[in-house]
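[1] requesting a structural model of the entry that follows:
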Amino acid sequence: MKQPRARFVSRNPLVEFWFRVQEFLRTRRAFAKSEGLDAREYELLLMLKAFAGRKLVNVSLIAESLFVHHHVAAGMVKDLAERGLIAAQRNQRDRRSLSLRLTRQGESLLERVVERSVEHLASEGPGIISSLGKILGQAHRNLASAR
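    Below you'll find the predicted structure:
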């Protein structure tokens, strides 16, 4: 995995951290794309995995969690359901609402992407932690000098 460009490293801890996080996210999106998912579809599948223990996961919750409009989330849900990656059932209490969950196929696809992500995190993680440590160290020094 590529290391951050030298011009971003150690110049400004916040910029370095931001850059490393963006590289991390870009890599995850590339992994998702290699499995046929765009970035938001991947994030939607992650949200469904995270919300697996909840009784009701609907389009509104997904839209809110992904910071997208309801109609955007509804379109994504429709596309992923047509591809067999998620299942949508009418809610028994409110027939207008859908209850969403990952299918086995969706679980399997997400697992492949996450597995690759974890493998690469071993090389990316130390840099992310180091840059975060610089920010926290600087904040701690600023607080100490203000006292």
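[2] so, low pLDDT: which residues of this protein?
    Residue ranges of the chain with pLDDT under 70: 1-10, 143.
[3] show me where it has helices.
    Remark: helices assigned in the chain by DSSP state H are 13-34, 39-50, 59-66, 70-82, 104-146.
[4] can you give me the buried ones in the first one?
    Counting neighbours by 16 or more other C-beta atoms under 10 Å, one finds that the buried residues in helix 13-34 are 13, 16-17, 19-20, 23-24, 27-29, 31-32. In this view, the C-beta of every residue, glycine as well, is placed from N, C-alpha and C.
[5] distance-wise, check the spatially most central residue of the chain relative to Asn142.
    Centroid-nearest residue in the chain: Glu43, 4.8 Å away (criterion: C-alpha atoms, centre = their mean). Distance, Glu43 to Asn142, by C-beta to C-beta, to the nearest Å: 34 Å.
[6] contacts only, for Phe31.
    Residues counted as contacts of Phe31 (C-beta atoms under 8 Å, 6 or more residues apart in numbering) are 113, 116-117.
[7] correct me, but the residue nearest to the centre of the chain touches Leu66?
    Yes. Assessed by C-beta atoms under 8 Å, Glu43 is found in contact with Leu66 at 5.7 Å.
[8] circling back: which of the helices of the chain is buried the deepest?
    The highest mean neighbour count among the helices of the chain, using mean count of other C-beta atoms under 10 Å, belongs to helix 39-50: a mean of 19.
[9] and for that one, what's in contact with it?
    The contact list for helix 39-50 (C-beta under 8 Å, 6+ apart) reads 28-29, 32-33, 37, 57, 62, 65-66, 68, 73, 76-77, 79-80, 85-86, 100-102, 106-107, 109-110, 113.
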